[in-house]
Each structure stands twice: as C-alpha cells, then as structure tokens.
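[1] Here is a sequence with its predicted model. Questions after.
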Amino acid sequence: MSAQTTRVCFELRIRPERVDDYIASHSPVRAEMLDEIAAAGRRNYSLFLGEGGRLVGYYETDDDAAAGAYLAASPIAAAWEAEMAPYFLGLDGRPDQAATALTEVFHLADQLANAGRTPS
C-alpha cells in the first residue's frame, strides 16, 4: 500500500429474507461491473456477511472521492446498484453511495510504522 492509500469500510443491512438471493447475485458479479470497480480505482474489495443480514464491505483506494464520482457517473454501476437496491433495508439512495461509513480505530501496519517497527 502506498502512503496515499485510503482504507474504506462500510456497513449495509440486507433484508434477511433476501440474503440467499444477494449471495447468488455475487457468485459471480458480472464482469463489466468488476471492470468498473477496478477502473474506479478501488482494490482489495471484500464483502463480509454477518448475522441478520449485516453486510460489511472493505476496499482500498488512492482517491475515494474520485472513485465514488467515477462509479456515480457510470451507467454500468448505476444499473448494478438499481438491481441491488431491493436487497437492502433502510437505504436512501444507491447502495454504493448510501452505505454507512465505519471509522477505522486501529491498523496494525500504521501503528508498527509509527513505533519504528516493521511487521514480522
């Protein structure tokens, strides 16, 4: 990771009765959407599913605002997000733009670097 890399974590809620359908829609994600995510500059993108439809996402990017703007302007991403929107609870807008951001409170590599140590 470069010094400019931003780590982004977010949370969404999937409708419990739609969890299986949501998983199926990501197995696999359409190639053109994967290409758009990569073209936007997002990498190491993962989604994690918890109890009751809790979905936590994580990705890294060098410019999150630019990545978000790219996807917001993308017809491919807009179509994908419109298809995904019915799976979620409590959203006001597109899932990729309305997710609840989580605040990072600890990162091992950063703390080791600040202490003058390297990860083993």
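    Sure thing, it's come through.

[2] Tell me how far the spatially most central residue of the chain lies from residue 20.
    By C-alpha atoms, centre = their mean, the chain has its centre lying nearest to residue 57, at 4.2 Å. Residue 57 sits 19 Å away from residue 20, going by C-beta to C-beta, to the nearest Å. Just so you know, the C-beta spots here come from the backbone N, C-alpha and C atoms, and that holds for glycine as well.

[3] The closest residue to residue 50 other than its chain neighbours and residue 84, how far apart?
    In space, and not counting its chain neighbours, residue 50 is closest to residue 56: 6.7 Å by C-beta to C-beta, 6 or more residues apart in numbering. Separation of residue 56 from residue 84 (C-beta to C-beta) stands at 16 Å.

[4] Strands of this protein, start to end?
    6-13, 43-49, 54-61, 100-102 (DSSP state E).

[5] Using JSON lines, lay out those strands together with mean pLDDT.
    Formatted as JSON lines, the strands of the chain follow (pLDDT from 0 to 100):
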{"stretch": "strand 6-13", "mean pLDDT": "96"}
{"stretch": "strand 43-49", "mean pLDDT": "97"}
{"stretch": "strand 54-61", "mean pLDDT": "97"}
{"stretch": "strand 100-102", "mean pLDDT": "92"}
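
[6] Residue 109 is nearest to which of those?
    strand 6-13 (10.2 Å; C-beta to C-beta).
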